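Asks: Below are the sequence and a predicted model; questions follow.
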Amino acid sequence: MKKAIYIGLAVIIVLATIAYVGYTYFPQIIKIRPNTAVLEGLIEITAVKSSREDAEKIVAGTEVNLSVKIKNVGSRPSAPGETLIRFGFTKPMDTHFKSVIFETEKLPLPALDPDQQVEIQFTTPHLWPSFPDFIKNDWPMRQYQAVVEIDHHAAVIGTKAVTYSAYYYAGHAEELPTQVPSTAN
């Protein structure tokens, strides 16, 4: 009898864990309604002058170019809007005082049909900091964020972290499929 109770509790714990983890990792998929426009952005960072050792390394104080590839992974065309890349805290600290310490210019974002992709290059110069700046400005807690604004609705559609060790590396990038206003058909 005790063995059956322990097995039953173990099964309940496993099922509860699977349900919780599934909900934690797929909230965007759960929220997305069918027949909507869904944008995701992949941020790319490249040094204007790369290290002699490795093109992926970015030396402190080096000027970098920022770009974002935006794709409509939804089933409806997206409405046109604007896009930018900023460097700041992510949720839930995104509203913190002085969260954003860098922001590119806003560039026009055309309407995107389903499965259509566009690459947008920003011209705002950006210098990567020295190690003391990395610590002083909480860079490990901040990320680059691709932001789109459509019909006065701003949404983060992708992020990219930065890591540091002797050189800076563009860290893990995450595309965040985000529902945005679509065009009427």
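Replies: Looks like it came in fine.
Asks: give me the number of residues near A47?
Replies: A47 has 19 neighbours, counted by other Cβ atoms under 10 Å. C-beta coordinates here come from the backbone N, C-alpha and C atoms, glycine included.
Asks: wait, doesn't it sit right on T62?
Replies: Yes - look at A47 against T62 with Cβ atoms under 8 Å: they come within range, at 5.0 Å.
Asks: residue ranges with poor pLDDT in the protein?
Replies: Residues of the chain that meet the criterion pLDDT under 70 lie in 20-34, 50-56, 129-131, 133-134, 137-140, 163-175, 184-185.
Asks: Tell me where it has strands.
Replies: Under the criterion DSSP state E, the chain contains strands at 37-47, 63-72, 81-89, 102-103, 107-109, 117-121, 126-127, 142-150, 153-165, 167-175, 178-180.
Asks: right, and these - which one's nearest I135?
Replies: strand 153-165 (9.2 Å; Cβ to Cβ).
Asks: follow-up on the earlier one: JSON lines for the strands of the chain, including distance to L9?
Replies: Supplementary listing: the strands of the chain in JSON lines, determined by distance: least, Cβ to Cβ, whole Å:
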{"stretch": "strand 37-47", "distance to L9": "40"}
{"stretch": "strand 63-72", "distance to L9": "45"}
{"stretch": "strand 81-89", "distance to L9": "40"}
{"stretch": "strand 102-103", "distance to L9": "51"}
{"stretch": "strand 107-109", "distance to L9": "52"}
{"stretch": "strand 117-121", "distance to L9": "49"}
{"stretch": "strand 126-127", "distance to L9": "54"}
{"stretch": "strand 142-150", "distance to L9": "40"}
{"stretch": "strand 153-165", "distance to L9": "39"}
{"stretch": "strand 167-175", "distance to L9": "36"}
{"stretch": "strand 178-180", "distance to L9": "39"}
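Asks: and of these, who's closest to K57?
Replies: Comparing the strands of the chain by Cβ to Cβ, strand 167-175 comes nearest, at 3.9 Å.
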